[in-house]
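# structure, please.
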Amino acid sequence: MTEIESLDQEREKRAFDIPEIRRDFPILQELTNGKPSVYLDSTASSLRPEQVVGSMLDYYHKCNANIHRGVYRWSEEATFKYERAHGKVKWFLNARSHKEIIFTRNTTESINLVAHTWGRANIKEGDEIVSTVMEHHSNIVPWQMLAQEKGAKVRYIKVNEEGKLDLSNIDEIINKKTKLVAVTHMSNVLGTINPVAELAKKAHAVGALILVDAAQSVPHLPVDVQALDIDFLAFSGHKMCGPTGIGVLWARRHLLEAMPPFLTGGDMIRSVTLEGSTWNDLPWKFEAGTPAIAEGIGLGAAVDYLASFGMDKIRAHEIEITRYALGQLREVPDLHIYGPRKAEERGGVVAFNLGEVHPHDLATMLDRDGIAVRAGHHCAQPLHDFLDLPATTRASFYIYNTLEEVDKLVESLYRIRKVFKLA
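I've put the predicted structure just below:
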């Protein structure tokens, strides 16, 4: 049995014990303004456990060498660990092959890779790209630029009063002109979990492909690319207990084989002459130059860490804490929550506003109580414009958060109401 295959058994070995989990994250022992730290900004970037940091230090301390280059032990060991990380991600997503797993810097680069390679080769004048108003800027701007370059058009699915996609006219929006549907799996503001499999069927029925921004879903719930029947999927390591500077693009192998390289030079080369060049096999065809070796190894360790609990258990914990948070926050006067009402229909994120208090002021006041939240438009300005909101305050939860931390958030909000004379 390989190490990757043994992860299925490993799921049952570790109980989902929050106090034990929190011990894996030493930063949670740090004080903020002299108070216990309450980190509620994992939607932006999660914390990293000792196991992930240790895997990266192990590379630097024991086999700090470039990969695919040397025939000496350090290089061969580094190569093995880096390539094994691709295999772990393949297993994590239930992809068909490790050749479908491309390491990038982040979700943004993964989406741009598709736009610059598949997009430039396949989008023509008069074509349409379908996205949604709830997208992160990273899943809007590349398609706007591509459409402008090619003479194509970007159309957007709107959001209804429940904070879900309005699919009432989906057959008109996704039509024979559609060549790509680019949609988030989970909104980073509303927390809405979108019906990706249904949208994939709609796209494929008209001959279009579908790209899924899974930056918010892969860290929090089971994601099976074969079951979803999608074509491209992008996510980032730093939102799933992994390092910054490492992300993933998954795509169907035949698409990657047909796509031209994104960046050139270094490890993506098979041969070079003065007359021309040929490309390396997948996935290295899309990983030019010296990659983020330590970060790739760290991402593999993050997969190990999450798999040791099982994504179903992580999802269950987040539903529990989100349900509790929604219930408690709804009791706070003057507080308005955005997104689906039911915890089962959303991820572990709650965006809200408190009366006329500006979200930046609210976040600053919460920080004084040691509570870290995000304030602003969260790189989703079109959504805030659609909702006629200048900004929101966002609290988000992950494996290390507790119900008691939700109580601290609510207590602080009551205190802030008094400061701003809302009581």
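
# ok, residues contacting stretch 387-395?
When contacts are defined by Cβ atoms under 8 Å, 6 or more residues apart in numbering, stretch 387-395 is touched by residues 40-41, 43, 159, 189, 325, 338, 349-354, 358-360, 362-363, 366, 373-378, 384, 409. Quick note: C-beta positions are derived from backbone N, CA and C, even for glycine.

# buried sites along that stretch?
Across stretch 387-395, burial judged by 16 or more other Cβ atoms under 10 Å covers Leu387, Leu389, Ala391, Thr392, Thr393, Arg394, Ala395.

# mind checking which of those land in strands?
The members of the buried residues of stretch 387-395 that map onto strands under DSSP state E are Thr392, Thr393, Arg394, Ala395.

# may I see those residues arranged in a markdown table, with distance to Asn64 and pLDDT as well?
Conversion of these to a markdown table gives the following (distance: Cβ to Cβ, whole Å; pLDDT from 0 to 100):
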| residue | distance to Asn64 | pLDDT |
| --- | --- | --- |
| Thr392 | 43 | 98 |
| Thr393 | 42 | 98 |
| Arg394 | 38 | 98 |
| Ala395 | 39 | 98 |
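
# with respect to Ser110, which of the residues you listed is nearest?
Ranked by distance to Ser110 (Cβ to Cβ), those are led by Arg394 at 23.1 Å.

# ok, that closest one to His384 distance?
11 Å (Cβ to Cβ, to the nearest Å).

# which residues are in contact with each of the two?
Val189.

# of the ones in strands among the buried residues of stretch 387-395, closest to Asp231?
Using Cβ to Cβ, these come closest to Asp231 at Arg394, 29.8 Å.

# which residues in the stretch 51-200 of the chain form helices?
Residue ranges of the helices in the stretch 51-200 of the chain, as given by DSSP state H, counting those that start in this stretch, are 73-93, 107-114, 120-122, 141-150, 170-173, 196-205.

# tell me what the longest one is packed against?
Read that as helix 73-93. Applying 3 or more Cβ pairs under 8 Å, 6 or more residues apart in numbering; DSSP states H and E, we find helix 73-93 packed against helix 50-62, strand 101-104, strand 247-251, helix 293-307.

# how about that helix: buried residues?
In helix 73-93, counting by 16+ other Cβ under 10 Å, buried: 75, 78-79, 81-93.

# the nearest residue to Trp143 once chain neighbours are set aside - how many residues pack around it?
In this structure, Trp143 finds its nearest non-sequential neighbour in Ile129, 4.8 Å apart by Cβ to Cβ, 6 or more residues apart in numbering. When neighbours are counted by other Cβ atoms under 10 Å, Ile129 registers 26.

# wait, Ile129 sits on Ala182?
Yes. Using Cβ atoms under 8 Å, Ile129 makes contact with Ala182 at a distance of 6.4 Å.

# tell me which of the helices of the stretch 51-200 of the chain sits nearest to Ser55.
Using Cβ to Cβ, the helices of the stretch 51-200 of the chain put helix 73-93 closest to Ser55, at 8.2 Å.

# that closest one vs helix 50-62, what angle?
160 degrees (axes from the mean of the first three to the mean of the last three Cα atoms, to 10 degrees).

# tell me which of the buried residues of stretch 387-395 is nearest to Lys201?
Leu387 (28.4 Å).

# how near is the closest one to Tyr338?
On the measure of Cβ to Cβ, Leu387 and Tyr338 end up 7 Å apart.

# then Ser131?
Taken as Cβ to Cβ, the span from Ser131 to Tyr338 is 20 Å.

# what do Ile129 and Ala182 both touch?
Counting by Cβ under 8 Å, 6+ apart, the residues touching both Ile129 and Ala182 are Trp143.

# Provide a list of residue ranges in the stretch 251-400 of the chain with pLDDT below threshold.
Across the stretch 251-400 of the chain, nothing is flagged by pLDDT under 70.

# now the strands for it?
269-272, 277-279, 335-338, 349-354, 371-372, 374-376, 392-396 (DSSP state E, counting those that start in this stretch).

# give me the pLDDT value at Asp157.
That one is not Asp; residue 157 is Ile. For Ile157, the pLDDT comes out at 98.

# now it. Nearest residue, chain neighbours left out?
Per Cβ to Cβ, 6+ apart, closest to Ile157 is Thr132, 4.4 Å.

# and what of Tyr414?
Tyr414 sits nearest to Val332 (Cβ to Cβ, 6+ apart), 6.7 Å away.

# surely that neighbour is in contact with Gly355?
No. The criterion here is Cβ under 8 Å, and Val332 misses it with Gly355 at 9.9 Å.

# mind listing the shared neighbours of those two?
With Cβ under 8 Å, 6+ apart, Val332 and Gly355 have common neighbours Arg417.

# neighbour count for the two, which is higher?
Val332 (19 against 15).

# list the contacts for the more buried one?
Counting by Cβ under 8 Å, 6+ apart, Val332 touches Leu354, Val410, Leu413, Tyr414, Arg417.

# which residues does the third one contact?
Going back to what we said before, that points to Leu413. Per Cβ under 8 Å, 6+ apart, neighbours of Leu413: Leu329, Val332, Leu335, Leu354, Leu366.

# just the buried ones from the residues you listed?
For the contacts of Leu413, buried by 16+ other Cβ under 10 Å: Leu329, Val332, Leu335, Leu354, Leu366.

# quick one: Leu282 from Met259, how far?
10 Å.

# can you check Met268 too?
Taken as Cβ to Cβ, the span from Met268 to Met259 is 12 Å.

# same check on Ala380?
Distance from Ala380 to Met259, by Cβ to Cβ: 28 Å.

# now do the end-to-end distance for stretch 22-30.
12 Å (Cα to Cα, to the nearest Å).

# sorry, back to before: ok, so of the buried residues of stretch 387-395, who is nearest Asn169?
Leu387 (19.6 Å).

# can you list phi and psi of the closest one for me?
Dihedral pair for Leu387: phi -90, psi 0, per degrees, to the nearest 10.

# I'd like the distance between it and Ile21.
34 Å.

# ditto for Leu422
36 Å.

# and the two? Which one has more around it.
Ile21 (21 against 17).

# count the residues that sit near Gly54.
13.

# swap in Arg105?
18.

# can I assume it is in contact with Ala292?
Yes. The pair Arg105 and Ala292 qualifies as a contact (Cβ under 8 Å) at a distance of 7.3 Å.

# who touches both of these two?
Gly245, Ile246.

# surely Cys241 is in a strand?
No. Counting by DSSP: H, G, I helix; E, B strand; the rest coil, Cys241 falls outside a strand, being coil.

# excluding its backbone neighbours, what's nearest Gln216?
Nearest non-adjacent residue to Gln216 (Cβ to Cβ, 6+ apart): Met186, at 3.9 Å.
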